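A.B. asks: Give me coordinates for this.
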Amino acid sequence: MAWALTAWALVATLSGGLAEPRTAAAFGALIVLGELARWGARDGERDPAPLASAGALAYALLGQSAGHATRHGVLQVIAVVVAAMLLGSVPHVAAGRGPSPDETARRILTVAFAAVCFQPLHSSWLLDDRAGQGSPAGLGPSFAFVLLLLLVLTALCDAVVAALLLCARTRYRFGPLLRDELRGLLGIGSAVCATGTVIALAVAVAGLWALPVFCVPLLLTQLAFRRYAAVRTTYRQTITSLARATEIAGYTKPGHARRVAELSRAVGRELGLSGSELTVLEYAALMHDIGQLSLLDPVPAGATAALPAAEQRRIALLGGAVVRQTGVPADVALIVERQADPYREQPVAARIIRTVNAYDDLAEGTAGPGGPLNALEQLRLGTGRDYHPHVVESLARVLARGCLTRVPPG
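C.D. replies: Sure thing, here's the model as predicted:
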């Protein structure tokens with residue numbers, strides 16, 4: 001749908017010509033600048049190009065420029081936004097870190113929704129508060145109310161589209177994905193909406209000179225977030241390197257920590273954990289076996305699921321002590337320490353890691369194509385004492401979507 005809408009908009013704009021090319025060029029340049037300053041986002045992270053998104057939203061909500069009514073329509077908004085996005089993404093695509101098709105389609109649909117809602121109304125009686133009250137025509141109380149309503153609807157549309165696209169790609173449940181997207185509206189989403197609205201209102205009163213004034217703060221914020229994202233990427237790489245210490249020392253099989261982390265994150269998303277909770281869960285899953293480095297005699301194949309409960313708890317406590325010495329957040333160490341507790345006393349993240357770790361140990365130790373099925377059946381048999389039933393069933397749903405396949409070692 002997004003691509004058909006884009007093709008229609010580009011053909012209509014090219015055949016009819018640009019209305020107010022100076023305004024279109026100014027907003028296009030703003031979007032290009034925002035795309036050039038984008039950062040590389042990991043899966044699940046929101047809007048790595050907030051300045052570009054705010055500029056696109058501002059153009060969709062632009063009804064006046066320096067007190068004069070604008071004449072661009074919905075199709076021109078889409079065409080200008082898409083052309084600027086593609087132009088600004090060229091260096092990132094060349095470097096292999098360009099936006100995904102889902103991200104691009106989401107932004108196109110969101111901008112199209114805002115433009116379709118606003119552009120037909122900006123000169124109608126709904127927004128026609130005359131300047132007798134000290135404001136330019138069309139910028140009175142009705143305009144502010146309708147604009148606020150449209151912002152709320154646009155934000156909800158963006159969350160629904162993002163959740164639908166992620167659901168179609170990953171086959172996770174729609175409900176938890178939508179809740180996660182709605183939580184994200186309180187962060188960068190609210191900043192993008194507010195900045196886009198302020199830019200549109202400022203240009204309506206002061207003209208295009210308002211663009212550099214109001215985009216500089218968000219650009220500086222975006223550059224700061226880019227540095228923060230780079231630091232966070234380095235931090236995760238450090239944790240991954242620490243987690244591989246058990247594999248290098250021969251205590252666990254190659255790829256075990258990575259498999260447990262990836263599957264734990266998928267189960268956590270299935271259970272509706274937020275983005276920050278998923279990050280803590282992933283870090284704890286990567287380091288869940290690090291306590292084995294304190295053992296004199298390695299556990300055969302690193303399979304702690306087959307050990308007595310007391311020994312599992314001792315290794316978990318040793319792991320928590322090691323994690324605390326690495327400077328990792330205390331939440332991660334706590335989850336590592338509690339992964340061997342009775343599941344009724346565990347936090348959700350510890351329940352997930354305990355279950356997924358046991359699944360990987362059991363599936364790795366069972367020969368033949370039926371290993372994953374047999375491992376899952378053993379987990380179900382242990383739900384009375386060892387593994388939380390809801391976590392086991394969530395794991396089963398995640399595995400079913402992947403046809404019960406496992407990440408290969410390495």
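
A.B. asks: Might you report the residue contacts of residue 37?
C.D. replies: 49, 51, 219, 222, 223, 226 (Cβ atoms under 8 Å, 6 or more residues apart in numbering). Bear in mind the C-beta positions are built from the backbone N, C-alpha and C, glycine included.

A.B. asks: mind running it again at 10 Å?
C.D. replies: 48-52, 88, 218-220, 222-223, 225-226 (Cβ atoms under 10 Å, 6 or more residues apart in numbering).

A.B. asks: Kindly report the same for residue 17.
C.D. replies: residue 76.

A.B. asks: pLDDT weak spots in the stretch 201-350 of the chain?
C.D. replies: 296, 301-302 (pLDDT under 70).

A.B. asks: buried stuff in the helix or strand harbouring residue 15?
C.D. replies: Taking DSSP states H and E as the criterion, residue 15 maps to helix 2-16. Neighbour-count burial for helix 2-16 flags 2, 5, 6, 9, 10, 13 (criterion: 16 or more other Cβ atoms under 10 Å).

A.B. asks: Which residues does that helix contact?
C.D. replies: Here helix 2-16 has contacts from 19, 24, 72-83, 86, 101-102, 104-110, 112, 115-116, 161, 165, using Cβ under 10 Å, 6+ apart.

A.B. asks: before we move on, the earlier item: output the contacts of residue 37 in TSV; the columns should cover neighbour count.
C.D. replies: Below are those laid out as TSV (neighbours: other Cβ atoms under 10 Å):
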residue	neighbour count
48	23
49	27
50	24
51	28
52	28
88	23
218	23
219	17
220	12
222	24
223	13
225	16
226	15
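
A.B. asks: Could you work out the most separated pair of those?
C.D. replies: Greatest spatial distance among the contacts of residue 37 (Cβ to Cβ): 88 and 220, at 17.9 Å.

A.B. asks: My guess is residue 194 contacts residue 151. True?
C.D. replies: Yes. Between residue 194 and residue 151 there is a contact at 8.3 Å, judged by Cβ atoms under 10 Å.

A.B. asks: Common neighbours of the two, please.
C.D. replies: residue 57.

A.B. asks: quick one, which of those two is more surrounded?
C.D. replies: Each of residue 194 and residue 151 has its neighbours counted (other Cβ atoms under 10 Å); residue 151 has more, 19 against 14.

A.B. asks: what residues are up against residue 178?
C.D. replies: Contact analysis of residue 178 by Cβ under 10 Å, 6+ apart lists 156, 159, 160, 162, 163, 164, 166, 167, 272.

A.B. asks: Does the fifth one touch residue 183 like I think?
C.D. replies: Pointing back at residue 163 there. No. With contacts counted by Cβ under 10 Å, residue 163 stays clear of residue 183, the gap being 11.5 Å.

A.B. asks: can you pull the contacts of residue 111?
C.D. replies: 31, 53, 56-57, 59-61, 74, 77-78, 80-82, 85, 154, 158, 196.

A.B. asks: Repeat that for residue 321.
C.D. replies: The contact partners of residue 321, by Cβ under 10 Å, 6+ apart, come to 290, 291, 294, 333, 336, 337.

A.B. asks: Output the helix or strand hosting it in CSV, but only the C-alpha positions, please.
C.D. replies: Secondary structure assignment for residue 321, by DSSP H and E: helix 309-325. Extracted C-alpha coordinates of helix 309-325, given in CSV (Å, rounded to 0.1, in the frame of the first residue of the first chain):
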residue,chain,number,x,y,z
ALA,A,309,19.2,-27.7,42.4
ALA,A,310,21.7,-26.8,45.1
GLU,A,311,24.6,-26.9,42.6
GLN,A,312,22.6,-24.8,40.0
ARG,A,313,22.0,-22.2,42.7
ARG,A,314,25.7,-22.1,43.7
ILE,A,315,26.8,-21.5,40.1
ALA,A,316,24.1,-18.8,39.7
LEU,A,317,25.3,-17.0,42.8
LEU,A,318,28.9,-17.2,41.6
GLY,A,319,27.8,-15.8,38.3
GLY,A,320,26.0,-12.9,40.0
ALA,A,321,29.2,-12.1,41.9
VAL,A,322,31.3,-12.1,38.7
VAL,A,323,28.7,-9.9,36.9
ARG,A,324,28.7,-7.3,39.7
GLN,A,325,32.5,-7.0,39.3
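
A.B. asks: List the buried residues of that helix.
C.D. replies: For helix 309-325, the neighbour count (16+ other Cβ under 10 Å) marks 312, 313, 314, 315, 316, 317, 318, 319, 320, 322, 323, 324 as buried.

A.B. asks: Please report how far residue 79 lies from residue 209.
C.D. replies: Residue 79 sits 25 Å away from residue 209, going by Cβ to Cβ, to the nearest Å.

A.B. asks: meant to ask about residue 284, not that
C.D. replies: Distance, residue 284 to residue 209, by Cβ to Cβ: 51 Å.

A.B. asks: Tell me which of these two has more neighbours.
C.D. replies: Per other Cβ under 10 Å, whichever of residue 284 and residue 209 has more neighbours is residue 284, with 32 against 11.

A.B. asks: was I right about the more buried one contacting residue 330?
C.D. replies: No. Using Cβ under 10 Å as the test, residue 284 is too far from residue 330 to be in contact (11.2 Å).

A.B. asks: anything in contact with each of the two?
C.D. replies: By Cβ under 10 Å, 6+ apart, residue 284 and residue 330 have these common neighbours: 320, 323.

A.B. asks: All the helices of the stretch 251-400 of the chain, residue numbers only.
C.D. replies: Taking DSSP state H, counting those that start in this stretch as the criterion, the stretch 251-400 of the chain carries its helices at 256-270, 275-286, 309-325, 330-338, 348-364, 371-381, 389-401.

A.B. asks: In terms of secondary structure, what does the fourth one contact?
C.D. replies: Identification of packing neighbours for helix 330-338 by 3 or more Cβ pairs under 10 Å, 6 or more residues apart in numbering; DSSP states H and E yields helix 275-286, helix 309-325, helix 348-364.
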